[in-house]
Structures are given as structure tokens and as C-alpha cells.
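>>> Could you look at this predicted model? Sequence included:
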Protein chains: 2
Amino acid sequence: MCQLLGMNCNTPTDIMFSFEGFRRRGGITDHHADGFGIGFFEGRGVRLFHDDKPSANSPVADLIRAYPIKSENVIAHIRKASQGQTSLANTHPFMREMWGEYWLFAHNGHLIDFSPEQGAYYRAVGCTDSERAFCYILNRLRSRFPEKPDDAALFDTVSGLTREIRAFGLFNFVMSNGGFLFAHASTLLHYIVRKAPFGKARLLDDDVMVDFAEVTTPSDKVAVITTLPLTRDETWQQLAVNELAMFQNGDIVRSDKPENPVYMSAEEGLAIARAVGISV
Amino acid sequence: MCQLLGMNCNTPTDIMFSFEGFRRRGGITDHHADGFGIGFFEGRGVRLFHDDKPSANSPVADLIRAYPIKSENVIAHIRKASQGQTSLANTHPFMREMWGEYWLFAHNGHLIDFSPEQGAYYRAVGCTDSERAFCYILNRLRSRFPEKPDDAALFDTVSGLTREIRAFGLFNFVMSNGGFLFAHASTLLHYIVRKAPFGKARLLDDDVMVDFAEVTTPSDKVAVITTLPLTRDETWQQLAVNELAMFQNGDIVRSDKPENPVYMSAEEGLAIARAVGISV
């Protein structure tokens, strides 16, 4: 029932447990059946898997399941087409290089009439509102900062650009450069920071349990960001409506949470998504 | 024994047969054991697989083998590290977006002291001469042509840039934007154009045979480009030393073949590669 999944950690961690729950929402326990994609940062490199098959029975998803890739930053997306035909070019996450770093972006939402002017650096290859939004963010960042700015300036600029773009509609997204991970909620985005003492958790979508204490060291810190919580036995937190958070080393380091934060209920978030023709 | 593999066709074709021979050179019949990568264009999209495991026993390669992806343009590379440490960021093919299209590039060679100034649009993420060369080509193309030029201007410009870069050393490469495929030989690059009437062929590296007549239609045209021929029972042609060829719809449509073409023997090409510390 969710579409976005992000992971940001202070040590390379495999995402197999979370991905197992996530992928099952791609055709078995839910109806997200227009493709999926996942990108793993490894050092400065990115391992990117796209598939236009439903993730619940995709050989690419089977590979990821069987192949414990460890990463400090992961971005994944299950797609239910809202704009743009189903094709590989429209499959998230999208990737571009900026300032000598790869950037990944995945979007869950629906932007109406969002057709910014052609930017100087990045252009959309496919025909989704999502890729246009990603290219817009990068073009504006790159025009303003020929070299990578400090974290505070970067966060403030992304926050401002997010405000601009969400005026066009639903704009839940996760974005990473391999160092930090940005997450923005228009409606629903939940997260959990797992750290010592680690407990056990059971997937909501499946009868799979993991004892995190067995697979971690005491200094590990792992943030998982997802549209709706993936596990029971754990307390998930929620991003406020219109909050942009920046995760680094497994925790939120910056946020522009509104002074009077509003938290959307799952029911309301799902109703809004249905109303604009996307499935959350 | 080879490192580069390209395919350019007039109809989506699977590369499983050629890839089977190619991957076996990645650790079983040869010693190319520092990683491999393959990129498939599908429409405007790209499906990209990178692995830093030897391709002969890589689960990613197993996936590709079992998963008949059909594509009109494919770029693959098996890497024996010559410059830059083995890491995902240094694994070919490299990808960038230009003019709203994805471009893939893979290199087999060795450039000495090739450190061009930072370009306005593209920067290397890893630390290979190969990615620097790719970014240099794209930066120069993009600076000269804000919009995509016609094929003749594009070919002439890439030809000129290739001349510049090969002054720094060995520069065998394949590059594609999903529409055409450029192939350039400093030493060894062979190709075959398969078209009706189709025959049978047997892999050189393995006892696998295919009857192309069974898997094609009479109008199919498939060009395969590779460092050294992959099959027996077929006549492979060779790019001349310092020849850039542009393949489109399964055949060479442009070339800057020298007036007095020189064709390097496999022995000589392999000796040169060994002398500069790369394995061809």
C-alpha cells in the first residue's frame, strides 16, 4: 500500500527485510503493478534496478531479495502510473549527476500543469511530472551553486524549491546524493530510526520477523522512510504535512517542520491520493 | 578475452547468445575479473546492471542470462582495472543525460595524463580515465550544440573529439544514445552485421550454438561489436586503427576510416594492451 521507500544509515546496511514488505505491496498484498525501481548507493557509485514488471513477481526483485546489497542510502519506488505511460523511461528512481555526485529521486504524487521552462543542465527523458520536478530542482540548484554548497544552504534551497513545486499538487518525494537523504511529505510519509537497544519487528504485509539485535552492532543507526509503516511492534513517526527532512547517518539532522504541524491520517492520505487518481 | 560488447539493431533483439560468450570471458575462459556492466536501451529508457563481482559468477549476470531483455542498443563491458580502484563508481558503462536522452559509454584502453579542465555540464563521479573521457566528449558536444544537431554534425564532432582524446593513449570505446551506436578502435574492435539469410553460429568460448534463422525475421538486421570475435562459422569484420564508425538500424551508416586503413592483428593488439597494463 505504499510507494516510496528510503533508507539512510550510518553504516552499510542491507534493506532486504524492509524491501520484502515493500515489494509484496507491489502486486501481492496491494495493487501497485506498473513497475518498480530501487537504487543503492555504494561509495560514490549507484546500483540501479528498474523493472516494468510488477515487483511481486519480478526477476529483478527476486535478485535484490537474494543478493544482500549493503548500502548507506537507498531509494525505492513502486509505481502505479498516474501520468505518463508505463515505460522504463518513466520508472523511478531517476538518476542524474550533479557536482560530480549521483543523485536519485523518487516521487509519489501528482503535479498539475507543472511544465517549467527547459533548464540549462538537466532535461526529462520520459514524460512524468516526477522527472520534470527532479530536473527542476537540480537545474535550480546547479544554476545557483556552481559548486556544492554547505549543508545548510543546500537544505534551505531544496526547502524553498519544494515549497514552489508543491503549489502544483501532491509532492511526496525522497531524494539522495549518497550522503544524505531528503524526504518531503505532502500527505503521507512515515519513518523510524532504529538504534541500540535494537528490538524485534514483524512485517505488516507478511509473517516475516527480524531481530535487529542479531544483525546490527550497537553503534548502528538506520532510518527507514516509507509512505506507510512497514512493521508492527515498532513505533513509527510521521513527517508533518509540508515538512522537508534531511537525514544523515541514520537520523534527521535538519527539518523545516511547520510551526503548527499537521499530521495526516492514513485514511485521509489515501482518500486524497484516490481523488487525484494515484494510489498511495 | 574481450572487454567491450555493443549491439545495434533495427528491431528489439535479445543479446543472450552474445552475452553468454562475453560473460564467460569474465572469469571462466579469461581473467577479466574486476567487475562488469551492461546497459540496455528500451525505448527512451535504460536498464543498467553493474556488478563488481566477476561476471562469470555474478548473480546479476545470471539474471541477465535468464531474462531475455530485448533492446535495439546494448553496451557492455568487462573490466580489468587499469586505472582507478575497483568500485561501483568506476564500473562501465557510464551514463549521463544529454539533450533529454540517456547516453551510455564503455571504454577499453588507457589514457595517460588525460585530465581535462572541469566541464560546464558533466563531471566524473569515479576516478577513471574512461569516465573523464566520456564527460569530456559530452561537455564539448553540449557546449557546441545546445540542441541536438543533425547526424552528420554529431558524427563529425565526435570524430574530432575522438582524434583529440586518442592522442593520450589507447581509446577503444562504444557509446550509444539509444538511436545509434558509436564504436572507435585504437587497436582491436570487430563487428558483424547479421541479416537475412541468417545462418548458424557457435560461440568460441563455449559449446553453445544458435540458429539465427530460428530467432529472427527476414527483415532483422543486427550488428554486434566486440573486441575480439565471439563466434566461429561467421565472418567478422574489423574496424581499422583510428576508425570511428556510427551504427544505426543494425549497420554502419557513417565512418571516418583512414584512407590507408591499417588492421591490427589480435596478437599485436593484445601485446599493446599488456604493455600498458590492461588486458584486452
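Received the coordinates, thanks. Residues are numbered from 1 along each chain as shown, chains lettered A, B, ... in the order given.
>>> Disregarding flanking residues, what is the spatial nearest neighbour of residue A:196?
Of all residues not flanking residue A:196 in the chain, residue A:218 sits nearest, at 4.3 Å (Cβ to Cβ, 6 or more residues apart in numbering or on different chains). For glycine as for every other residue, the C-beta is placed from the backbone atoms N, C-alpha and C.
>>> now the one you found, what's its secondary structure?
State at residue A:218, reduced to three classes by DSSP: H, G, I helix; E, B strand; the rest coil: coil.
>>> Look at it and say how many residues are nearby.
Around residue A:218 there are 9 other residues, counting by other Cβ atoms under 10 Å in any protein chain shown.
>>> Return the backbone torsion pair for it.
phi -60, psi -20 (degrees, to the nearest 10).
>>> same thing with residue A:187?
For residue A:187, the backbone dihedrals are phi -130, psi -80 (criterion: degrees, to the nearest 10).
>>> Nearest to chain B within the stretch 51-200 of chain A, name that residue for me.
Going by Cβ to the nearest Cβ, chain B is nearest to residue A:88 of the stretch 51-200 of chain A, at 2.8 Å.
>>> Would you check how far apart that residue and residue B:104 are?
From residue A:88 across to residue B:104, the span is 14 Å (Cβ to Cβ, to the nearest Å).
>>> quick one, which of those two is more surrounded?
The residue with more neighbours, out of residue A:88 and residue B:104, is residue B:104; 29 against 21, by other Cβ under 10 Å.
>>> residues touching residue A:183, list them.
By Cβ atoms under 8 Å, 6 or more residues apart in numbering or on different chains, residue A:183 lies in contact with A:6, A:173-175, A:189, A:191, A:225, A:239, A:244-245, A:247.
>>> now these as a markdown table including distance to chain B?
A markdown table is the format used below for the contacts of residue A:183 (distance: Cβ to the nearest Cβ, whole Å):
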| residue | distance to chain B |
| --- | --- |
| A:6 | 19 |
| A:173 | 19 |
| A:174 | 20 |
| A:175 | 16 |
| A:189 | 26 |
| A:191 | 26 |
| A:225 | 23 |
| A:239 | 29 |
| A:244 | 25 |
| A:245 | 25 |
| A:247 | 21 |
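>>> Give me the common contacts of residue A:88 and residue B:104.
Both residue A:88 and residue B:104 are in contact with residue B:46, where contact means Cβ under 8 Å, 6+ apart.
>>> Quick check: residue A:122 is in a helix.
No: the assignment for residue A:122 (three-state DSSP) gives coil, which keeps it out of a helix.
>>> can you pull the contacts of the residue lying closest to it once chain neighbours are set aside?
In space, and not counting its chain neighbours, residue A:122 is closest to residue A:135: 4.1 Å by Cβ to Cβ, 6+ apart. Shown here is residue A:135, whose contacts under the criterion Cβ under 8 Å, 6+ apart are A:96, A:119, A:122-124.
>>> any idea whether residue A:135 is helix, strand or coil?
Residue A:135 ends up helix, using three-state DSSP.
>>> Contact residues of the stretch 1-150 of chain A facing chain B?
Proximity of the stretch 1-150 of chain A to chain B is assessed by Cβ under 8 Å from any Cβ of the partner chain, with A:42-50, A:59-60, A:63, A:66-67, A:87-91, A:95-97, A:99-102, A:121-126 identified as the residues in range.
>>> In strands, which of the residues you listed fall?
Cross-referencing those with the strands (criterion: DSSP state E) gives A:42, A:45-50, A:95-97, A:101-102 as the overlap.
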